[in-house]
Structure formats: structure tokens, C-alpha cells
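S.K.: Fold the following, please.
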Amino acid sequence: MAQIEITEPIAEMVAALALHMEAPPPLAVAMAVERYYTAYVDKAGRLPKGWQLREDLTLADLEIYFERYNAEEGDNMWAERGRVLRAALKAGWITAPAGLTDEAIGKLTPAAASAAKTYIDALYIRLVTADPN
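M.R.: Below you'll find the predicted structure:
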């Protein structure tokens, strides 16, 4: 495993990231790494079999999502994954399977939860990133 020397500039960057993300520094770094991965490495992710997402989200959909997302605490990557999936469900982003519940999300395997979160993150990034052209 690579080790990184935490210099003052790196510490300041992590502190700023944590402030921006309104998360403890370790979670902020984990979220930033995952978002980087989503945006640049694994752009699609995968949804569990039978799941579908809406791709015509509006500002109101994002507001509902973040209302639910901010209502939960999450101080580790697994809590963060569940938090994203439950918020997407509450906001109506997940359209199938019918009757999906928070409890069913909690029963996903860790790999399926990670892949679904990556997919949802990729959708979010795609929707909020302005076309540079």
C-alpha cells in the first residue's frame, strides 16, 4: 500500500474538502475518491438485476434527493452507499423494481450496493455537468 506524507498543503486541501462536503475529513476524502472513480474510471457502474433509474430528473427531484440524503448521518463508506441508495429511492429516481423498500436496499450485497451507488453517482454527475460546447 502506498503511503502519502501529509504535508500542510495536503492537510489544508483535505480540510477544505471536508468543509465543502460537510463531512468528516476521512469520509470527505473517501467520497472524493469515489466521485473521481465514478467520473473518470468506471463511468457506468451497474444496477442490481431488475433495477431501473429515471434519467429525466429535474431540480425538484434533486431537492427531494438531498432532503432525504441530508436527513441521515453517514460517517463511513458503507453508510454513505446506503444513504445514496435510500435517497434515490425516496426521490423516485429508482423506477423498478416496483415496491422496492429501504429494507430491501439494506439486504443488497456490499458489491451490489457499491455498483449501484457508482451508477447513481455517474447519473448525477452526467445530469449536473454543463456541456462545455
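S.K.: CA only for contacts and neighbour counts going forward, please
M.R.: Will do.
S.K.: any idea which helix is longest in the chain?
M.R.: Counting by DSSP state H, the longest helix found in the chain is helix 110-128.
S.K.: Over that helix, what's the mean pLDDT, rounded is fine.
M.R.: Here helix 110-128 scores 85 as its mean pLDDT.
S.K.: which parts of that helix are buried?
M.R.: Within helix 110-128, the residues that qualify as buried are 112-123, counting by 16 or more other Cα atoms under 10 Å.
S.K.: Buried residues, the helix or strand of the chain with the lowest mean pLDDT. List them.
M.R.: The element with the least model confidence among the helices and strands of the chain, by mean pLDDT, DSSP states H and E, is helix 25-36, at a mean of 75. Of the residues in helix 25-36, those with enough neighbours to count as buried (16+ other Cα under 10 Å) are 25, 27-29, 31-32, 34-35.
S.K.: okay if I get the buried residues of helix 110-128 as JSON lines plus distance to residue 49?
M.R.: JSON lines is the format used below for these (distance: Cα to Cα, whole Å):
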{"residue": "112", "distance to residue 49": "9"}
{"residue": "113", "distance to residue 49": "12"}
{"residue": "114", "distance to residue 49": "14"}
{"residue": "115", "distance to residue 49": "11"}
{"residue": "116", "distance to residue 49": "10"}
{"residue": "117", "distance to residue 49": "14"}
{"residue": "118", "distance to residue 49": "15"}
{"residue": "119", "distance to residue 49": "13"}
{"residue": "120", "distance to residue 49": "15"}
{"residue": "121", "distance to residue 49": "18"}
{"residue": "122", "distance to residue 49": "18"}
{"residue": "123", "distance to residue 49": "17"}
